[in-house]
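build me a model from this:
(2 chains)
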There are 2 protein chains.
Amino acid sequence: MSFLDRIREINRHDLSAYMDFVVDGCVLGRVRRDRVAILLKSSPLLRRGKGETIEFQADLTTVEARSAGMAAAAATLEAAGHIPALRAELYPATWNFGDPPRFAIDRAAVPFFGLRAWGVHMNGYTWKNGHLHMWIGRRADDKPTYPGMLDNMVAGGQPTGVGLMENLIKECAEEADIPADLARQAQSVGAITYVQEAPEGLKPDVQFCFDLELPPDFMPRNTDGEIADFFLWPIEKVAKTVATTRSFKFNCNLVIIDFLIRHGVIPPDDRDYVALVQGLHP
Amino acid sequence: MSFLDRIREINRHDLSAYMDFVVDGCVLGRVRRDRVAILLKSSPLLRRGKGETIEFQADLTTVEARSAGMAAAAATLEAAGHIPALRAELYPATWNFGDPPRFAIDRAAVPFFGLRAWGVHMNGYTWKNGHLHMWIGRRADDKPTYPGMLDNMVAGGQPTGVGLMENLIKECAEEADIPADLARQAQSVGAITYVQEAPEGLKPDVQFCFDLELPPDFMPRNTDGEIADFFLWPIEKVAKTVATTRSFKFNCNLVIIDFLIRHGVIPPDDRDYVALVQGLHP
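Predicted coordinates for the structure are as follows:
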């Protein structure tokens, strides 16, 4: 097993199994062909478009009307067990972060429609005896998604109406009790992208990455029950765990590989180096 | 003009104008179709293969024989003015850095065959009054390639038989008189890739990127005549110059954009952020 395996495992997908969801002339999402009939039955506000696509009914042109229609569709899909429990957390439907959303939709319904979701992931690191260490979280055993798996120190989805840094500061407080003044020093360092075919649908997602150097004596403490434990590991142990196990939640592997490259832990003469750099942003 | 323009300008190309150069079953390079006749006349060691390809004659199986054949071809192409003056600097012909080269070839002939070339680029930066500054070089007016243009503090091609860090240390000494002990602290931070259609041929290149924080009082001094001037610019001036002018040698723009993203100078809510991150490693 290798770093490259982690990237390839995530990006396995067969787009031919999906039908484009076209909004205002742009492909905004993709729905599995074997779920299209279910979807059209769940929502009279959607229809088949030209060339094997799904689109809104012609009179559904405003963000408000589309959002209301998608809320109704999500409720019907949830009631019939086609999507997980709604989360009362609205995501913007748009392909470019920051563009005006075409509509809002409950986070739990996003993969069913193959819409792009955004998140923030933070690498928390520190130096101990001159040696680079990284803080690792372990997700609570009762978390609905990826229970018990290893995670970045702080990570969260990016909802509507909140800035990236504002969201990161909130997640830093909730997940690791990092004071706002310290969290604000987190540096944006890039983004990773992937297209994952998950049981719930297609996830063509973007995770914005941040690094935060923590004081050596800082001890994280979870406040929202989502993280069960924190570990401070030498960077080599983190690297080995990513390369040789599937202990981390799938996308955290990519965030950490990006960190390892930027901090010179994976050396440039690694045979997979260029494939890794390219694989983090397909 | 924008950062994204710099990336798009480099990657404009039309691969249909090229014929694959296939070696041991792999596409190792690409030759412009309108130059294939010239090439086959220049080298009896190459032939047309199946499916519109170029390949070595069947009996040319060793690295030594292929390298000798390519040396002869390069000399003929140079004499006829089809490639620039040979540089007596051998490049390894391989797609994966560090893989055993299929043959060696003079650097000046690499783009004619559309082979991948590697280089090292180093961002030299420092903090002045708490503010991030970057060292910029201006290429000598008599340099055969991109004379007078702005450049990274240190950059150079990657020849055969030398390690990346060893090469960087050598370039640091030659281009900016950076002592080896200081140069060795440069951190590898990733790589940028691009496929450029240049007059001399196709360049599907990889530049390994390094950051080096310099002491505030360090003054670079060129020793090999390749850099005419050095400037220490506030990072905002560097960013504006990249975004709004074509003053930098084409690929230095990408190395700097990567630096600006990793150091948080280009913020993650920039509308082009994801396109930039992806565009640096197509």
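
buried sites along the helix or strand hosting A:F230?
Element membership of A:F230, judged by DSSP states H and E, is strand A:227-234. Residues of strand A:227-234 classed as buried: A:227-228, A:230, A:232 (neighbour count, 16 or more other Cβ atoms under 10 Å in any protein chain shown). Heads up, the C-betas are built off the backbone N, CA and C, glycines and all.

now do stretch A:146-158
For stretch A:146-158, a neighbour-count test (16+ other Cβ under 10 Å) marks A:149-158 as buried.

for the stretch 51-200 of chain A, what lies in contact range of chain B?
By Cβ under 8 Å from any Cβ of the partner chain, the residues of the stretch 51-200 of chain A that approach chain B are A:96-99, A:163-164, A:187-191, A:193.

and for A:Q57, the neighbour number?
Look at A:Q57: counted by other Cβ atoms under 10 Å in any protein chain shown, it has 14 neighbours.

tell me who's in contact with it.
Applying Cβ atoms under 8 Å, 6 or more residues apart in numbering or on different chains to A:Q57 gives the contacts A:44-47.

re earlier: what pairs with the strand holding A:F230, parallel or antiparallel?
strand A:131-139 (antiparallel) (DSSP bridges).

from the residues of the stretch 51-200 of chain A next to chain B, which land in strands?
Of those, the ones assigned to strands by DSSP state E are A:187-191, A:193.

still on that earlier bit, nearest to B:P268 among the buried residues of stretch A:146-158?
A:Q158 (10.0 Å; Cβ to Cβ).

and for that closest one, nearest residue in space, chain neighbours not counted?
Leaving aside its sequence neighbours, A:Q158 sits nearest to A:W118 (Cβ to Cβ, 6 or more residues apart in numbering or on different chains; 4.0 Å).

now the very next helix or strand once past the strand holding A:F230 against strand A:131-139, angle please.
Using DSSP H and E, the helix or strand that follows strand A:227-234 in sequence is helix A:235-244. Calculated by axes from the mean of the first three to the mean of the last three Cα atoms, to 10 degrees, helix A:235-244 forms an angle of 50 degrees with strand A:131-139.

elements contacting the following helix or strand past helix A:235-244?
As assigned by DSSP H and E, the chain's next helix or strand after helix A:235-244 is helix A:250-262. Helix A:250-262 sits against helix A:3-10, strand A:118-128, strand A:150-152, strand A:187-193, strand A:206-213, helix A:235-244, helix A:273-279, strand B:187-193, with contacts defined as 3 or more Cβ pairs under 8 Å, 6 or more residues apart in numbering or on different chains; DSSP states H and E.

for those, which one sits closest to B:T76?
Comparing the helices and strands packed on helix A:250-262 under Cβ to Cβ, the one sitting nearest is strand B:187-193, at 30.9 Å.

given the closest one, what are its sheet partners and their directions?
Partners of strand B:187-193 in its sheet, by DSSP bridges: strand B:206-213 (antiparallel).

quick one on the thing from earlier: out of the contacts of A:Q57, who has the most neighbours?
Of the contacts of A:Q57, with other Cβ under 10 Å as the count, A:L46 tops at 22 neighbours.

how about low-confidence regions in chain A?
Across chain A, nothing is flagged by pLDDT under 70.

most remote residue from the middle of it, which is it?
Going by Cα atoms, centre = their mean, the residue of chain A most distant from its centre is A:N129, 33.6 Å out.

distance-wise, check it relative to chain B.
From A:N129 across to chain B, the span is 19 Å (Cβ to the nearest Cβ, to the nearest Å).

check A:I266 too.
Distance check for A:I266 against chain B: by Cβ to the nearest Cβ, it reads 8 Å.

so that residue is in contact with A:V238, correct?
No. The pair A:I266 / A:V238 is not scored as a contact, 11.6 Å apart, by Cβ atoms under 8 Å.

I am finished for the moment; much appreciated.
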